[in-house]
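*Asks:* Build the 3D model from these lines:
(one chain, ligands or ions: 1)
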Amino acid sequence: MNEKKEVGEKAVEYVKDGMVVGLGTGSTVFYSIAKLGQLVQQGLSIQGVPTSEQTAKLAREFGIPLVSFKEIEGIDVAIDGADEVNPDLNLIKGGGGALLREKIIAKAARTFIVVADSHKYVDTLGAFPLPIEVVPFGYEMTMKHIRELGGSPNLRQTNGTPYLSDNGNYVVDCDFIEIKDPIALERELNIIPGVVENGLFVDMTDAVITLDSNKNLITK
Ligand code: 5RP
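*Replies:* Residues are numbered from 1 along each chain as shown. Take a look at the predicted model:
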């Protein structure tokens, strides 16, 4: 059984004809996008707002029409994955480096749906290193300030070269071990000069589609 496919396809039930849909990034929401593509071929009329260049390319391949923020008033529903989900449905996101656009789109959405296989559930956020998008200028100082908040930041790199987000920024993966107060940490990180955004999504999730211990699809 492919859990990612099950939860990804289930989320598409939230999408109705005529909606503007935020399209997340990652291997779980891939299945939502593929399913939406099928439905569009069968006559569903939607407009997609992609959270990354990778998703924009995928959506085009699946024949989903895309729109920019200039052309819309808001987003009806956004579907996206997560790296960790806690019992309050707060999230760590950004494993794929798309956290900034993902958060902008989640905030713009009237309904934000998360698709998460059963391995994404944790009691306390933080085992997954928190992705933080930082501007390249002075990033060493920015990392120092992040360290002062108790984290161990590592610059994300590919073959020794800093990873660049779609926005031209660096991403720092920061080990906090346990994030006991995600609300406070989200705020404290974002007031550090040089931090563009962090991957804590607090009080944003309307529903999580996942599987229970018997591998039945459930919505939390
Ligand atoms: C990308 C993300 C993804 O949603 C997150 O990493 C989960 O990905 P996957 O569905 O591949 O496990 O935040 O920036």
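*Asks:* what residues are up against Thr55?
*Replies:* Going by C-beta atoms under 8 Å, 6 or more residues apart in numbering, Thr55 touches Leu23, Gly24, Thr25, Val29, Ile33, Ala98. Where you see a C-beta, it was placed from the backbone N, CA and C, and this is true even at glycine.
*Asks:* What number of residues are in the vicinity of the fifth one?
*Replies:* Residue crowding around Ile33 was assessed by other C-beta atoms under 10 Å; the count is 23.
*Asks:* Quick check: it touching Glu61?
*Replies:* No. Using C-beta atoms under 8 Å, Ile33 makes no contact with Glu61, being 9.2 Å away.
*Asks:* hey, what's in contact with both of these two?
*Replies:* With C-beta under 8 Å, 6+ apart, Ile33 and Glu61 have no common neighbours.
*Asks:* Phe137 belongs to a helix, doesn't it?
*Replies:* No. Phe137 is assigned coil when assessed by DSSP: H, G, I helix; E, B strand; the rest coil, not a helix.
*Asks:* Now it. Nearest residue, chain neighbours left out?
*Replies:* Residue nearest to Phe137 in three dimensions, not counting chain neighbours: Gly194, with 7.3 Å by C-beta to C-beta, 6 or more residues apart in numbering.
*Asks:* about what we covered before: so which of the contacts of Thr55 also contact the ligand?
*Replies:* Gly24, Thr25, Ala98 (C-beta under 6 Å from any ligand atom).
*Asks:* Show me what from this protein comes close to the ligand.
*Replies:* So the chain meets the ligand at 24-28, 80-83, 93-99, 102 (C-beta under 6 Å from any ligand atom).
*Asks:* Report the buried members of these.
*Replies:* Among the residues of the chain next to the ligand, those scoring as buried are 24-26, 28, 80-83, 93-99, 102 (criterion: 16 or more other C-beta atoms under 10 Å).
*Asks:* Inside strands: which ones of the residues you listed?
*Replies:* By the criterion of DSSP state E, membership of those in strands covers Asp80.
*Asks:* and of the buried ones among the residues of the chain next to the ligand, the nearest to Asp166?
*Replies:* The shortest approach to Asp166 among those belongs to Ala98, at 6.9 Å (C-beta to C-beta).
*Asks:* check contacts around the nearest residue to Glu71 once chain neighbours are set aside.
*Replies:* Take Glu71 and drop its neighbours on the chain: the residue closest to it by C-beta to C-beta, 6+ apart is Gln47, 8.0 Å away. By C-beta under 8 Å, 6+ apart, Gln47 lies in contact with Met19, Val20, Val21, Pro65, Leu66, Val67, Glu71, Ile72.
*Asks:* Out of those, grab the one that's most surrounded.
*Replies:* Neighbour counts for those (other C-beta under 10 Å) peak at Val21, which has 27 neighbours.
*Asks:* ok, so of the contacts of Gln47, who is nearest the ligand?
*Replies:* Nearest to the ligand, judged by C-beta to the nearest ligand atom, of these is Val21 at 15.4 Å.
*Asks:* Name the strands paired with the helix or strand in which that closest one is found and say parallel or antiparallel.
*Replies:* If you go by DSSP states H and E, Val21 is part of strand 20-23. Sheet pairing of strand 20-23 (DSSP bridges) gives strand 47-50 (parallel), strand 75-80 (parallel).
*Asks:* per-residue confidence averaged over that strand?
*Replies:* Model confidence over strand 20-23, given as mean pLDDT, is 98.
*Asks:* Please consider this matter closed, and thank you.
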